[in-house]
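Asker: Kindly return the folded structure for what I paste below:
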Amino acid sequence: MSTTSNPYRRYRFPAEIINQAVWLYHCFSLSLRDVELVLAARGVAVSYETIREWSLRFGLTYAKMLKQRRPQPGDKWFLDEVFVRIRGKLHYLWRAVDQHGNVLDVLVQSRRTMKAAKRFFRKLLKDLRYVPRVIVTDKLGSYGAAKREILPGVEHRQSRYLNNRCEVSHQPTRRRERHMRRFKSARHAQQFLSTHSLIHNHFQLRRHRLSAYEYRAAREHAFHLARYDRCCPRVIA
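Answerer: Down below sits the predicted model:
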């Protein structure tokens, strides 16, 4: 591989340490200073500002790699939106998951109108490149109007209770939002959540539905995919 294609070129720390820091930050509810402390306990002296830079530089790349390597998501999509307050202004976080709990995509927008719903549908279809069999949403009218125009042949189920799977998927975001004392801008929220949602979700293996053996096998497979794409390093001794 040529030096121009090496994303770690001119970085003082090796790729394993950079990957470890980014993985710790997005996989667990740790602050940048917490990650700094964890690395210091392993003999790695690095500042939290450097970890922030690593997360911005490599986080989204890792998330996209994991997204490319995962199997094709399910054909039943659950969509939901929740409000997030950014600098005192109300924004909406649109999220889609499949029937297995895999996060398909997220989008931060200032409204939840039909135009916003159409923009989210188009983003999903562009990234996933296939049409779902069923979509499940709450009773927000914007979904129905956008669906009739963009996905006219897809079954649409609207219920405040059927959509619990997607509503539960917002919980890690809420925890991080509180931990970070809210997002600084819509662009910052979109950048962080596009990374965090995919990396964090990759290691959420629904342990309560797996035996100990099945869970360990699924966990090893998740680490294998991450290591293969250099998204998640080996444990630092």
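
Asker: which of the residues in stretch 142-154 are buried?
Answerer: 142-143, 146-147, 150-151, 154 (16 or more other CB atoms under 10 Å). From N, CA and C alone the C-beta is placed, and that goes for glycine too.

Asker: and what of stretch 8-16?
Answerer: Tyr11.

Asker: quick one: that stretch to chain centroid distance?
Answerer: The chain centroid and the centroid of stretch 8-16 are separated by 25 Å under CA atoms, centre = their mean, to the nearest Å.

Asker: How about stretch 127-139?
Answerer: Its chain's C-alpha centre and that of stretch 127-139 lie 18 Å apart, by CA atoms, centre = their mean.

Asker: Does Ile135 belong to a helix, a strand or coil?
Answerer: strand (DSSP: H, G, I helix; E, B strand; the rest coil).

Asker: for Phe13, same thing?
Answerer: Applying three-state DSSP: Phe13 is coil.

Asker: same deal with His26?
Answerer: His26 ends up helix, using three-state DSSP.

Asker: ok, it - contacts?
Answerer: Residues counted as contacts of His26 (CB atoms under 8 Å, 6 or more residues apart in numbering) are 55, 59, 195-196, 199-200.

Asker: got it, and Ser197?
Answerer: Going by CB under 8 Å, 6+ apart, the list of residues near Ser197 reads 63, 95, 103, 106, 172-173.

Asker: what ranges do the helices span in the chain?
Answerer: 15-27, 32-41, 48-69, 114-128, 141-150, 164-169, 171-179, 186-202, 212-228 (DSSP state H).

Asker: who wins for proximity to Lys76 among the ones you listed?
Answerer: helix 164-169 (9.4 Å; CB to CB).

Asker: pLDDT on that closest one, on average?
Answerer: Mean pLDDT, computed over helix 164-169, is 84.

Asker: Return the distance of the residue nearest the centre of the chain relative to Arg119.
Answerer: Centroid check for the chain by CA atoms, centre = their mean gives Ser197 as the closest residue, at 1.6 Å. For Ser197, the distance to Arg119 (CB to CB, to the nearest Å) stands at 18 Å.

Asker: do the same with Arg174
Answerer: From Arg174 across to Arg119, the span is 23 Å (CB to CB).

Asker: These two: which is more packed in?
Answerer: Comparing Arg174 with Arg119 by other CB atoms under 10 Å, the one with more neighbours is Arg119, at 16 against 12.

Asker: Looks like that one contacts Arg111 (just checking).
Answerer: No. If you go by CB atoms under 8 Å, Arg119 and Arg111 don't touch, sitting 9.8 Å apart.

Asker: So which bits of the lowest-mean-pLDDT helix or strand in the chain are buried?
Answerer: Lowest by mean pLDDT, DSSP states H and E among the helices and strands of the chain is helix 212-228, with a mean of 79. Buried positions in helix 212-228, judged by neighbour count with 16+ other CB under 10 Å: 222-223, 225-226.

Asker: Gln191: which of those residues is nearest?
Answerer: For the buried residues of helix 212-228, the nearest to Gln191 is Ala226 (20.4 Å; CB to CB).

Asker: on that earlier part again, same list (the helices of the chain) but as a markdown table, adding distance to Ser5.
Answerer: Formatted as a markdown table, the helices of the chain follow (distance: least, CB to CB, whole Å):
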| stretch | distance to Ser5 |
| --- | --- |
| helix 15-27 | 13 |
| helix 32-41 | 27 |
| helix 48-69 | 13 |
| helix 114-128 | 24 |
| helix 141-150 | 37 |
| helix 164-169 | 35 |
| helix 171-179 | 32 |
| helix 186-202 | 22 |
| helix 212-228 | 17 |
